[in-house]
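> Give me a model of this one.
(2 chains)
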Amino acid sequence: MTQLRLHNTATRKAEDFTPIDPNNVRMYVCGPTVYDRAHLGNARPVLVFDVLYRLLRHIYGADHVTYVRNFTDVDDKIIARAAEAGREIDAITTETTRWYLEDMAALGAMEPSAMPRATQYIPQMVAMIEELIAKGNAYAAEGHVLFAVDSYADYGRLSGRSVDDMIAGARVEVAPYKRNPMDFVLWKPAKDGEPGWESPWGRGRPGWHIECSAMSYELLGATFDIHGGGNDLMFPHHENEIAQSCCAHPGGSFANVWLHNEMLQVEGKKMSKSLGNFFTVKDLLDKGYPGEVIRFVMLSTHYRRPMDWTEKKAEEAEKTLRKWYALASSAQADGAPPAAVINALADDLNTHKALAECHQLAAAQDATALRASLEQLGLIGEEAPRWAAEAEVDLSAFETRLSDLRMEAMASKDFTGVDQLKAALIDAGVEVQMSKVGVSLTPQAGFDPAKLEALK
RNA sequence: GGCGAGUUGGCGGAGUGGUUACGCAGCGGAUUGCAAAUCCGUGUACAGGAGUUCGAUUCUCCUACUCGCCUCCA
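Next up is the predicted model:
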C-alpha cells in the first residue's frame, strides 16, 4: 500500500500518515459561509482537499473514507445580506448553497460524504456549550457564553502563539464581560428580528467556531484523522475549535493531522475588491475558462505555497489540456494510474509533480496511463470535456479546394493563391497542415465560422 | 509589535548533501514550396554573508527583501 506523507501544521513537519481506522479514514474541512457566490480563493481548499479525498479513496478504498465539509448558514454576514436584500435568510442560504455546489462541480470537485449545515446542529452545540460550562471551561455573561482561554493550557499551540503575545498585539475591542481579552464567544444573544434559538442563556445563536466542533464530533467522533482549511483559519478558528473540542471531550485528541493551504493571489497581488482583481468562480466560467483549466492552474502550484492566478497560466493550461485530452480520449477509462503519479500525490500532495508526470506520459504517447492519471487528478470524467473536442465543422470543401490549389501550384511554382487561402484560413482560426499525405484543416480555440463563410 | 511562509535559469514551478526536473518561451537542426504541427538537439539557475562538511542550491545561524495571518475574507 502506498505510504501517504502529509505536512502536519500542528508539528510543522511532514509525517507518515497512519489512519486511526483504515476502514474509515475521516476528514473534516471547513466549508463556506453561504451568503454569496464563491470567489476563486474559496475554490483553492475545495480543490486541494478534493485531490486528497480522491487519493485517500484510491489508497484505502472508495468506501473507506468519510469526508465532511460544513456549510455555515447562520452568521452576521448572512443576516446583513438578508437585511439589505430584503429577503429571507433561508432563501439566501439555500440559493447560495446550490450555487456553491454547482460551481465546485464545474471544477471537478466531488461532493463530500456529508455536508452538514450549522442550523441542523443547534441542539448539539447547546449541549456541547453546557458541557463546557459544567467543566469550567466556559461561562455565561450578559446573555453571552464565552470560552475561557485560561482554562486550556494548550491554547495557541497550533498557531504558535501565546495568550500574552496575542493580547499585546490584539486590535479588537475587548468586551467588558470577558474575563480574559482573548475569550471568545460560544453563544450570543439574538436581537429582535435576527434568527435565534431558545437556550439556557436565552434566545440566541451560536458563535462561529462551535459549529465545527459540534458537527465533527457528531459525524466523525472525538478523534479523527485529518482537519483541513485555509491557513487564514488557523487562528483563531482552528485554535478555538481545538480548545472547545479537547475540553468538551478530554478523552479524544480531536484531529490528528492539520492541513492548511496557502492563500491565492491574482496577477501577483492579493485578490481584493479594491484592487479590482476580485472575481468569483462563476465569473471565470462565464468568461469561458473551462473548469478543468481552473483546476489545472490550481493544481500546478503546491498547496502550501501561495498560488498566483494569471491569464498566462490559464492559457498555457488550456493548450496543455487540449493536447492531453486528444491523446487520452483514445484510451479506455479503466486503467490504473501509474505509481509515479500516485507517489507524487502521496508525497504531501505534490500535484505539480503529478502533472509533470502527465507531461512525460503524454510525451511517451501512453494514452492509457495518461487517462488514468487525469481521472485520478479529477481532470477527466467519463469522457474529455466538450470544449476540448474538435469542433464539429465540415471543412472538407476547403480541404479539397486548398489541396487542388496546392497541386496546381506545385506544378506552376506559383504559390500566391495557396498562400492567400492559407492565410485566410489561419485568420479564421483554422490550423492548416500540409504534408505529402495531403491537406488537413483543424478548427482551433479562436475558430470563427463567420470569417470562413466570407471565403466561400 | 507577535506568529508563520517564502526568495531557484527569460517566465512559471518541482526537487536534491556530490549526478537531467518538468512545462512554456528562445535558439540550432530535421521536415515543409513557405509555414503549421511533429521530432531531435540545446540552456548548467538556486537572494547575500558566515558556519558545519571531503563537498551545500539542499543542513545551521545571521542579514536583506517579499508575502500571509493576528480585523469571525478560504
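
> Would you agree A:Asp347 is in contact with A:Lys353?
Yes: assessed by C-beta atoms under 8 Å, A:Asp347 is found in contact with A:Lys353 at 7.3 Å. Any C-beta I mention is one placed from the backbone N, CA and C, and that applies to glycine too.

> list the contacts for A:Asp150?
A:Val163, A:Arg179, A:Asn180 (C-beta atoms under 8 Å, 6 or more residues apart in numbering).

> same thing but at 7 Å, please
With contact taken as C-beta atoms under 7 Å, 6 or more residues apart in numbering, A:Asp150 is in contact with A:Asn180.

> again, but for A:Leu395
A:Val430, A:Leu441.

> again, 6 Å this time
A:Leu395 makes contacts with A:Leu441, as judged by C-beta atoms under 6 Å, 6 or more residues apart in numbering.

> And the pLDDT at it?
pLDDT, A:Leu395: 81.

> Could you check how far it is from RNA strand B?
Taking C-beta to the nearest atom of the strand, to the nearest Å as the measure, A:Leu395 falls 14 Å from RNA strand B.

> Then A:Leu374?
Noted for A:Leu374: a distance of 15 Å to RNA strand B, by C-beta to the nearest atom of the strand.

> and what of A:Phe254?
In terms of C-beta to the nearest atom of the strand, A:Phe254 sits 18 Å off from RNA strand B.

> so what's that residue bridging to?
Taking DSSP bridges as the rule, A:Phe254 bridges to A:Thr223.

> list the contacts for it?
A:Ile242, A:Ser245, A:Cys246.

> pLDDT of the one helix or strand the second one maps to, averaged?
So that's A:Ser245. Here A:Ser245 is covered by helix A:239-248, with elements defined by DSSP states H and E. On average, the pLDDT along helix A:239-248 is 93.

> what's next to the helix or strand containing A:Glu102, contact-wise?
Per DSSP H and E, A:Glu102 falls inside helix A:89-106. Residues outside helix A:89-106 that contact it (C-beta under 6 Å, 6+ apart): A:32, A:34, A:37-38, A:46, A:71, A:73, A:78, A:81-82, A:195, A:281-282, A:285, A:291.

> rerun that using 7 Å as the cut-off
A:32, A:34-38, A:46, A:71, A:73, A:78-79, A:81-82, A:111, A:195, A:281-282, A:285, A:291.

> and stretch A:325-339, is it in reach of RNA strand B?
No: using C-beta under 7 Å from any atom of the strand, stretch A:325-339 never reaches RNA strand B; the gap is at least 9.8 Å.

> tell me what the helix holding A:Ser245 is packed against?
Where contact means 3 or more C-beta pairs under 7 Å, 6 or more residues apart in numbering; DSSP states H and E, helix A:239-248 is packed against helix A:122-134, strand A:144-147, helix A:210-220, strand A:254-261.

> per-residue confidence at A:Ala82?
At A:Ala82, the model reports a pLDDT of 89.

> Give me the neighbour count for it.
20 (other C-beta atoms under 10 Å).

> So what's the residue count around the nearest residue to it once chain neighbours are set aside?
Distances taken as C-beta to C-beta, 6 or more residues apart in numbering place A:Ile89 nearest to A:Ala82, at 4.6 Å, with adjacent residues excluded. A count of neighbours around A:Ile89, defined by other C-beta under 10 Å, yields 19.

> likewise A:Asp164?
Residues near A:Asp164, counting by other C-beta under 10 Å: 10.
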